[in-house]
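>>> Sequence and computational prediction follow.
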Amino acid sequence: MQGASPASAASSLEAQERTIQDYLERHGHHKALATFRAEIQESAQGAHTPGAGGAATPGAAGGATTPGAGAAGGQGQAGTGTPPLQGGGRATGLDDFADKNAPIAPKGPASAVAGPSSERRRLGNSVAGAQLLTDPPSWEKGYEGMRTFVENSLDIHRPELHPMLLPLFVHSYLDLVLINYRDAATQFLARFSADHEASDPHVVRMLSSIRLASHVAESEEATRWRQERYGVRLSERGWGLLLGWLQGGGLAGTIEGTEARGRDRMLAIINERVKVDALPGPPAKSATEYGLLSDFNRKPRALDELKLGPAPLDPKLQREVARLVKDEDGPVASTSSATPAALASSSSLPTSTSTDPVPTPQDSQLSTTLTAPSSSSLPTADSSTTTTNDSGGPPLVSPFPSELPPYPVSLRTIDVAREVEKVREARKRIKLGGEAFRASTSAVVGVGQPPNPTDAAKPSVCLFTIHDAGESLTTVAFSEDSTLMAAGFSESYIRLWNLKGGKLPGLRADFDSDTVTDAASLKAVRNKEGPTSRKLVGHSGPVYAVSFDPVPGPSGPPRYLLSCSQDTTVRLWSLESFTNVVAYRGHREPVWDVEWGPRGIYFATASRDRTARLWSSDKTSALRIFAGHLSDVNCVRFHPNSLYLATGSADRTCRLWDVQKGTCVRVFIGHRGSVSTLAISPDGRYLASASEDLTIILWDLASGRKIKSMTGHTSAVHSLSFSAESTVLVSGSSDATVRVWDVLAAPPAPEQPVGRKFEVGVAKRLSTAGLAGDGDGKGGLLPKSAFVERERESADLLATLATKRTPVLNVHFTPRNLCLAAGVGTDA
């Protein structure tokens, strides 16, 4: 080194300085770069100052007159291979600088110090960068400062800056866990979890379950957070303010200490874990889009088109149904608006208002109020078609047969009878609509004037009250032909009733199963007499839901019944022998709901294990598991074409699943409480959901958008049902009312009031008149609670049908648009 010329040494020093500056600038160490340049400038100024190292001062560190000092200096420079700086400063090599400034692995409480080389490791995606010092409180200090900065920012910037807190909260906690600072991580979570408990409870629960570094790899959600960036959209001005605050702290080791290191950690998390899109223009008035990139990048994309049209019919089945309907229409073909030839050649339903060949007196009396069924197409199995409805919405695309779950290809007699009976029921159907309520207030039909058959009518409700059940009644269901009603009880049994008052005979106990080969032989071994109700025992826990077999449809009584229970099983009951046939096991937690598919064979379940499952009645194991909800799945409903499945959960969301693919195709967010029940309109366009927040929300399935919110109930809503035309929705609630809603009514404008509120003065007048009772419901015709001031009723509430004291557990529209309701009678 002594043979090197001063010029070559200076050139080598400048090259190293440029290399270091390029390294710092390329890796974003702007503050270190500024400090390094300042030191170079100071060294350059010291080199030109007289007596600053050029004089031969005895004993000076930079002098060469002292032999010992000169020898030591020569060995030190030769050992490092770095020439001395002008003015006596010490040059730092590139490797030494990288060792001192690159991210290090902070030593945990149980780690041993093995030397400077063993302390440094590449952290990759395990720990955030810029960890220059092991200082656990710096994460807490940095997040606290960031939260204070957001809260103290201007009102115009606070909404867009607030989403930045969630990724900083998550990664700060995970960083502390991954470097084995369990106490600091626990303290951090306990202090700041309340900031996100209301908006992101699932994230807080996920972090609470992670205590060790190994838990991060085992958690699917935590792995997503570590592998994906979190996307946030800010205005350019908001992003500039945030960068100004983040860069306000000094480097580690400066006088700012923990607070500066905390800002450095927040900046490192944002650089490595957050993707910020700075948009030009003023800040948004509400929170902008944010989330993990796998979800965030999906938002701007167009939604996949759903095939919500009716399922195509088998051509053989369609021809047979058309032939039978043509034979029935033969005697009255001259008075029918649709000729038999037109019915046989086209796929439209007949538009005749004639009834069965042998009409009953009741049918004759109601003939003036019957309306023709809609002329919606019946798609064939040859192609995918589009259908429209009276609501003026976009046409719906019907699925191809290959896209539907497989069904039997053979033409069964029961299928033909079901489809023919649907045509008959459609002819006898009474049209319902909100215009009936508006017309009744604006016009009066003259005496002797028959009503117009095309006019809409108000719905009629038939209520069944189950007495002496107390609080043990949990669920009620009606069969599609309206002949049977089933109720589940908390005492783990099911009760069946014949609504026509007929008997429910079972099979003889001494019959030989080998002799039963067809329906006739089965009828021969049936008892002649039987009770009007049956009790089915088999579950070992409360029964939460029951569902009748839909295969016979309105043509006859169902043959099977499904039930689910707290004992985690689903049971299939034969309504021929009134015995349990199959027990389906697969859920690990209580099963809250069960429902048959529209065409039988398949059914779906919802459970507390956060999953919904698809089953086939001939297999004891599930065919599909729909996982994605963050809490209990409370309810499940099939789409009318069997291709989709809707679920409602305690996580306040609803989801729509593709039955064949098992994927989630829509997520509906808008409720503020657990979703309690669902209903899908018969035309396949709408989803209605009710929640513990006492609201009913109507959703558009095609777009996934919220159409409107309907309010008026004062207690939990247990059941929803659409009319056959999908124009009217009824709901049953614990407030002992059945409410009728207008589906097609436009939602109110944002600036207009939501609806009307009950006036307290009306309650006083009713109390004076003796109609309102006391707090226990005594001393008046109606309980006092019916007149208390309640939530605003939305304008699309058509009618409120109050029962005496019967909380309504189930409402169900028949094919003729008669609403059946059931509940448990309470003590007077």
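Nice, I can see it.

>>> What residues sit buried inside stretch 211-230?
Residues of stretch 211-230 classed as buried: Ala213, Val216, Ser219, Glu221, Ala222, Trp225, Arg226, Glu228, Arg229, Tyr230 (neighbour count, 16 or more other Cβ atoms under 10 Å). (Each C-beta comes from the backbone N, C-alpha and C, glycine too.)

>>> Please flag which of those residues sit within helices.
Counting by DSSP state H, the part of the buried residues of stretch 211-230 found in helices is Ala213, Val216, Glu221, Ala222, Trp225, Arg226.

>>> Pull the most distant pair out of these.
Longest distance between any two of these is 15.9 Å, between Ala213 and Glu221; criterion Cβ to Cβ.

>>> Would you map the helices across the stretch 151-300 of the chain?
Using DSSP state H, counting those that start in this stretch, the helices found in the stretch 151-300 of the chain span residues 158-161, 165-178, 182-192, 201-208, 213-218, 220-227, 236-246, 257-273, 293-296.

>>> in the stretch 651-800 of the chain, which spans are strands?
With DSSP state E, counting those that start in this stretch as the criterion, the stretch 651-800 of the chain has strands at 653-658, 664-669, 675-680, 686-691, 695-700, 706-711, 717-722, 728-733, 737-742, 755-756, 793-794, 797-802.

>>> Just put those in JSON lines and tack on mean neighbour count, mean pLDDT and distance to Asp329.
Listed next are the strands of the stretch 651-800 of the chain as JSON lines, based on neighbours: other Cβ atoms under 10 Å; pLDDT from 0 to 100; distance: least, Cβ to Cβ, whole Å:
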{"stretch": "strand 653-658", "mean neighbour count": "22", "mean pLDDT": "94", "distance to Asp329": "39"}
{"stretch": "strand 664-669", "mean neighbour count": "17", "mean pLDDT": "92", "distance to Asp329": "41"}
{"stretch": "strand 675-680", "mean neighbour count": "24", "mean pLDDT": "96", "distance to Asp329": "32"}
{"stretch": "strand 686-691", "mean neighbour count": "25", "mean pLDDT": "96", "distance to Asp329": "33"}
{"stretch": "strand 695-700", "mean neighbour count": "22", "mean pLDDT": "95", "distance to Asp329": "37"}
{"stretch": "strand 706-711", "mean neighbour count": "19", "mean pLDDT": "93", "distance to Asp329": "39"}
{"stretch": "strand 717-722", "mean neighbour count": "23", "mean pLDDT": "96", "distance to Asp329": "29"}
{"stretch": "strand 728-733", "mean neighbour count": "27", "mean pLDDT": "95", "distance to Asp329": "29"}
{"stretch": "strand 737-742", "mean neighbour count": "23", "mean pLDDT": "94", "distance to Asp329": "34"}
{"stretch": "strand 755-756", "mean neighbour count": "14", "mean pLDDT": "46", "distance to Asp329": "46"}
{"stretch": "strand 793-794", "mean neighbour count": "20", "mean pLDDT": "86", "distance to Asp329": "43"}
{"stretch": "strand 797-802", "mean neighbour count": "18", "mean pLDDT": "92", "distance to Asp329": "35"}
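
>>> Among those strands, which comes closest to Pro280?
With Cβ to Cβ as the criterion, Pro280 lies closest to strand 664-669 of these, at 28.8 Å.

>>> How about residues contacting the closest one?
For strand 664-669, contacts defined as Cβ atoms under 8 Å, 6 or more residues apart in numbering pick out 303-304, 306, 626, 628, 644, 652-658, 687, 689, 697, 699, 701, 704, 706.

>>> Now do the buried residues in the longest helix anywhere in the chain.
Criterion DSSP H: the longest helix present in the chain is helix 6-26. With burial defined by 16+ other Cβ under 10 Å, the residues of helix 6-26 counted as buried are Ala9, Leu13, Gln16, Glu17, Ile20, Tyr23, Leu24.

>>> And stretch 497-516, by the same measure?
For stretch 497-516, by 16+ other Cβ under 10 Å, it's Trp497, Asn498, Leu499, Leu504, Pro505, Gly506, Leu507, Phe511, Val516.

>>> Also stretch 479-499?
Across stretch 479-499, burial judged by 16+ other Cβ under 10 Å covers 479-490, 492-499.

>>> Just the endpoints, please. Distance across it?
10 Å (Cα to Cα, to the nearest Å).

>>> Pass me the low-pLDDT residue ranges in the stretch 151-300 of the chain, would you?
Scanning the stretch 151-300 of the chain for pLDDT under 70 picks out the ranges 249-256, 284-289, 295-300.

>>> who's Ala487 bridged to?
Beta-bridge pairing of Ala487, defined through DSSP bridges, involves Val476, Arg495.

>>> could you measure it against Tyr493, distance?
Distance of Ala487 to Tyr493, computed by Cβ to Cβ, to the nearest Å: 10 Å.

>>> circling back to that earlier point, take the helices of the stretch 151-300 of the chain and write them to TSV, including distance to Val546.
Putting those into TSV (distance: least, Cβ to Cβ, whole Å) gives the following:
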stretch	distance to Val546
helix 158-161	47
helix 165-178	42
helix 182-192	43
helix 201-208	31
helix 213-218	38
helix 220-227	35
helix 236-246	55
helix 257-273	49
helix 293-296	37
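
>>> Which one of those helices lies nearest to Asp593?
Of all the helices of the stretch 151-300 of the chain, helix 201-208 sits nearest to Asp593, with 21.6 Å by Cβ to Cβ.

>>> So for the closest one, what gets flagged as buried?
Within helix 201-208, the residues that qualify as buried are Val203, Val204, Met206, Leu207, counting by 16+ other Cβ under 10 Å.

>>> quick one: Pro640 and Pro598, what's the gap?
Distance of Pro640 to Pro598, computed by Cβ to Cβ: 6 Å.

>>> nope, Glu305 is what I was after
From Glu305 across to Pro598, the span is 21 Å (Cβ to Cβ).

>>> Of these two, give the one with the bigger neighbour count.
Pro598 (18 against 9; other Cβ atoms under 10 Å).

>>> can you tell me which residues contact that one?
Contacts for Pro598 (Cβ under 8 Å, 6+ apart) come out as Ala311, Pro550, Phe638, His639, Pro640, Asn641, Ser642.

>>> mind redoing it with 7 Å?
Going by Cβ atoms under 7 Å, 6 or more residues apart in numbering, Pro598 touches Pro550, Phe638, Pro640, Ser642.

>>> what about the nearest residue to the second one once chain neighbours are set aside, neighbour count?
The shortest distance from Phe638 to any residue other than its chain neighbours is 5.0 Å, reached at Gly597 (Cβ to Cβ, 6 or more residues apart in numbering). With neighbours defined by other Cβ under 10 Å, the count for Gly597 comes to 24.

>>> what's Gly597 in contact with, if anything?
Counting by Cβ under 7 Å, 6+ apart, Gly597 makes contact with Phe603, Phe638, Ser642.

>>> The second one is in contact with Glu595, isn't it?
Yes: in this structure, Phe638 sits in contact with Glu595. The criterion is Cβ atoms under 7 Å, and the distance is 6.3 Å.

>>> where do the contact lists of those two overlap?
Contact criterion Cβ under 7 Å, 6+ apart; residues shared by Phe638 and Glu595: Ala604.

>>> would you list the strands of the stretch 651-800 of the chain in a markdown table and tack on distance to Val274?
Shown next, in a markdown table, are those (distance: least, Cβ to Cβ, whole Å):
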| stretch | distance to Val274 |
| --- | --- |
| strand 653-658 | 25 |
| strand 664-669 | 23 |
| strand 675-680 | 32 |
| strand 686-691 | 33 |
| strand 695-700 | 32 |
| strand 706-711 | 29 |
| strand 717-722 | 40 |
| strand 728-733 | 43 |
| strand 737-742 | 44 |
| strand 755-756 | 42 |
| strand 793-794 | 40 |
| strand 797-802 | 45 |
